[in-house]
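# Show me how the following folds:
(2 chains)
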Amino acid sequence: NAGVMQNPRHLVRRRGQEARLRCSPMKGHSHVYWYRQLPEEGLKFMVYLQKENIIDESGMPKERFSAEFPKEGPSILRIQQVVRGDSAAYFCASSPSSRRGTFGSGTRLTVV
Amino acid sequence: DQQVKQNSPSLSVQEGRISILNCDYTNSMFDYFLWYKKYPAEGPTFLISISSIKDKNEDGRFTVFLNKSAKHLSLHIVPSQPGDSAVYFCAASEETSGSRLTFGEGTQLTVNP
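The predicted model follows:
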């Protein structure tokens, strides 16, 4: 997983707080994908971004979740007013434009 | 709707034997399939892929077979090694979706020494 950096690795938030997850793609990669893995489940697509554009957000919950990939800096997945059901591992993948993404090590969000 | 399914949550094999992991899909628009390996507390690592124009792709100990008519693919690992113990995810994508992947639920492979 070298190259795609996600931080923090672990994040604990109380119900109602905001969670910010960061993803720095591999150098030269302009495509970023966010996935969520709930306990005992596979990874589920959330959103696909290119620099300054959201290309596909069909997997994002309609409320409280947002994502951005600014011209400068990492991609951010933001979860407002977190609830216990948001507890999961959130993975980011990046790719240049190929069909295969490289994944980061993930952020494990725990809502208490 | 679960478009990619891995019906075996777990598989246990002896070191040196063959491991066969299976995956079924329902979306006929999928044209590219991948297998990822995942250790606890790490992200998925790419293992091997296959395009729908092929029915077999081999890389060292790993071979992926694709049966388009049955909408089924399998990953063969031979010989299996204890270090292969991990969760294996099957994933698929459509040409129009770029690198957006649809994952199966995963199969926990345990290779016993």
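
# Get me the contact residues on chain B for chain A.
Listed as neighbours of chain A in chain B under the rule Cβ under 8 Å from any Cβ of the partner chain: B:4, B:6, B:32, B:34, B:36, B:41-46, B:49, B:89, B:93, B:97-106. No exception for glycine: its C-beta is placed from N, CA and C like everyone else's.

# Quick one: name the residues of chain A near chain B.
A:1, A:4, A:6, A:31, A:33, A:35, A:41-45, A:48, A:55-56, A:91, A:93, A:95, A:97-106, A:108.

# Take these and keep only those in strands.
A:6, A:31, A:33, A:35, A:43-45, A:48, A:55-56, A:91, A:93, A:95, A:102-103, A:108 (DSSP state E).

# and which of those residues is nearest residue B:27?
Using Cβ to Cβ, residue A:45 is the member of these that lies nearest residue B:27, at 13.2 Å.

# Can you report how many residues lie near the nearest residue to that closest one once chain neighbours are set aside?
Taking Cβ to Cβ, 6 or more residues apart in numbering or on different chains as the measure, residue A:45 lies nearest to residue A:59, with 4.2 Å between them; neighbours along the chain are not counted. Burial of residue A:59 is recorded as 17 neighbouring residues (other Cβ atoms under 10 Å in any protein chain shown).

# Bridge partners for residue A:95, pull those for me.
residue A:31 (DSSP bridges).

# Who are the contact partners of it?
By Cβ atoms under 8 Å, 6 or more residues apart in numbering or on different chains, the contact list for residue A:95 reads A:29, A:31, A:33, A:101-102, B:98-99.

# What subset of those is buried?
Restricting these to buried positions leaves A:29, A:31, A:33, A:101-102, B:98-99, with burial counted as 16 or more other Cβ atoms under 10 Å in any protein chain shown.
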